[in-house]
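Trainee: quick one, fold the following:
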Amino acid sequence: MKMNNKTNDLLEEILKWQRLQGLKLLRDLLPELLYDEKRREVYEMTDGINSQPVIAKKVGVAGGTISNWWNIWYSYGILIKKGSRYCKIISLKELGLPIKEKEGG
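Mentor: Just a heads-up that it's a prediction; the model follows:
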């Protein structure tokens, strides 16, 4: 049993450092991929729940554009698939990256 505790402790330590390294990479990568407010809004709404038509209507971007962005973002690993929908791996807020709030809501 002692070996299992040591293994778990070691794995937790590795995970902590891997996460830190990953967050650094994301803080550098996301601003390059999400370089305007529309892309940031679409990314934030890509939560595995909102559909493409819903996001397109709320953000004012064509569905085909969103589909293209999703394919690019998925290829970079910043989206995952949840069933038939895409989902961001982390929110911009969690990374400390700004996104403008919509006025009046």
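
Trainee: list the contacts of the most centrally placed residue in the chain.
Mentor: Closest to where the C-alpha atoms of the chain average out (Cα atoms, centre = their mean) is Lys88, at 3.1 Å. Lys88 makes contacts with 43-44, 46-47, 78-79, as judged by Cβ atoms under 8 Å, 6 or more residues apart in numbering. Glycine gets a C-beta too; all of them are placed from N, C-alpha and C.

Trainee: buried members of those residues into ChimeraX, please.
Mentor: A single ChimeraX command selects the buried members of the contacts of Lys88 (16 or more other Cβ atoms under 10 Å):
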select :43,44,46,78,79
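
Trainee: closest to Lys6 out of the contacts of Lys88?
Mentor: Ile78 (34.1 Å; Cβ to Cβ).

Trainee: so how far is Lys58 from Glu41?
Mentor: 8 Å (Cβ to Cβ, to the nearest Å).

Trainee: between these two, which is the more surrounded one?
Mentor: Glu41 (20 against 13; other Cβ atoms under 10 Å).

Trainee: pLDDT wise, what is that one at?
Mentor: Looking at Glu41, its pLDDT reads 96.

Trainee: may I see the buried residues of stretch 78-92?
Mentor: By neighbour count on 16+ other Cβ under 10 Å, the buried set for stretch 78-92 is 78-79, 85-86, 88, 92.

Trainee: could you dump these to a markdown table with distance to Leu30 and secondary structure?
Mentor: As requested, these are exported to a markdown table (distance: Cβ to Cβ, whole Å; DSSP: H, G, I helix; E, B strand; the rest coil):
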| residue | distance to Leu30 | secondary structure |
| --- | --- | --- |
| Ile78 | 7 | coil |
| Leu79 | 12 | strand |
| Arg85 | 20 | strand |
| Tyr86 | 15 | strand |
| Lys88 | 10 | strand |
| Leu92 | 7 | helix |
